[in-house]
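A.B. asks: Return atomic coordinates for the entry below.
(one chain, ligands or ions: 1)
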Amino acid sequence: MPKFQNAMSIFQLLDKSNCRLCGEKTCMAFAGAVFTGRRSLSECPRLDRNIIETFSEVPQDQRDTEQNPDDFIEQLKNKIRDIDLKAAATRTGGRYENDRLIIKVMGKDFSVNPAGVISTDIHVNHWITAPFLNYVLHGRGVEPTGNWLSFRELANGKERYPLFKKRCEEQMKQVADNYTEFFDDMVHIFSGKQVDPVFQSDISVILSPLPKVPVMVCYWLPEEGMQSTLNVFFDQTADQNLDIGSIFSIGAGLSQMFTRLAQRHGVTRASGAGH
Ligand code: SF4
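C.D. replies: Got it, this is the predicted structure:
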């Protein structure tokens, strides 16, 4: 993404009408929010799409991965041949059986053999396959501490946070707002664990997409004219066990999966969340 030097360079792209359609009082306030990562340029409905694309928030490495997922996964599988899967079992929180490293992905076995061939009981999706392989290859095996951080507080998370907010938190919030089984599904289908509400939320559920990369989803119900809120948190060790691009993929992938689940149950209002 072309880097902005300051809020003024963002302000200069805007139409300066102070129309408030973005929810900010002025274009300058919006520019400041984009600069600090709280808002995304694409949230100004008056901004030309070409400008938004030019200043796209998708980092180049992520764009390459999303455009050529098969090539990217193939490269990762080839690298699996160079590592000792038996030794990786302890580091990853998995187990080694019958020449395979087996890791629990949201309660289900997900395994890889020395040739990089993956097998699983669940439908294999790119959003989890690449993070799984990166976790096996590069995860440092640091034990989670129970201290939760937002995506933007993780190493290299700030730059990608506006896009994470849009593709993960906002989309998941739409599902939570409209699909009453959302948190039950997390617990019963995806082996999530409901915990005592954290950060004064109304509900908090912890998922385990990878053993040492837990994800906590917190939801605040709407009250007194305030909208509901949903935030996703990661353990403070997440960026040592997984690269930021893979953490992004997990958040966006979970959100997409729950959106589809809600759609299958006929909760159509969430369908505008995109996928
Ligand atoms: S929607 Fe765009 S033009 Fe309107 S106030 Fe916000 S930034 Fe300015």
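A.B. asks: Show me which residues of the protein sit near the ligand.
C.D. replies: By the rule CB under 6 Å from any ligand atom, the part of the chain lying against the ligand is 14-15, 17-22, 24, 27, 30, 44-46. Every residue, glycine included, has its C-beta placed from N, CA and C.
A.B. asks: Now the buried members of those residues.
C.D. replies: Using 16 or more other CB atoms under 10 Å as the burial test, the residues of the chain next to the ligand include 14, 22, 24, 27, 30, 44 as buried.
A.B. asks: right, and the helix or strand after the helix or strand of the chain with the lowest mean pLDDT?
C.D. replies: Least confident element among the helices and strands of the chain, by mean pLDDT, DSSP states H and E: helix 60-67 (a mean of 66). The helix or strand immediately downstream of helix 60-67 is helix 69-80, counting by DSSP states H and E.
A.B. asks: roughly how far out does that following helix sit from the chain middle?
C.D. replies: The chain centre lies 20 Å from the centre of helix 69-80; the measure is CA atoms, centre = their mean, to the nearest Å.
A.B. asks: Quick one: list the elements packing against it.
C.D. replies: Here helix 69-80 touches helix 126-138, going by 3 or more CB pairs under 8 Å, 6 or more residues apart in numbering; DSSP states H and E.
A.B. asks: Now do the helix it packs on and helix 69-80, the angle between them.
C.D. replies: Here helix 126-138 runs at an angle of 20 degrees relative to helix 69-80 (axes from the mean of the first three to the mean of the last three CA atoms, to 10 degrees).
A.B. asks: Given the helix or strand following helix 126-138, what are its sheet partners and their directions?
C.D. replies: Using DSSP H and E, the helix or strand that follows helix 126-138 in sequence is strand 148-150. For strand 148-150, sheet partners with direction are given as strand 229-235 (antiparallel), following DSSP bridges.
A.B. asks: Much appreciated, bye for now.
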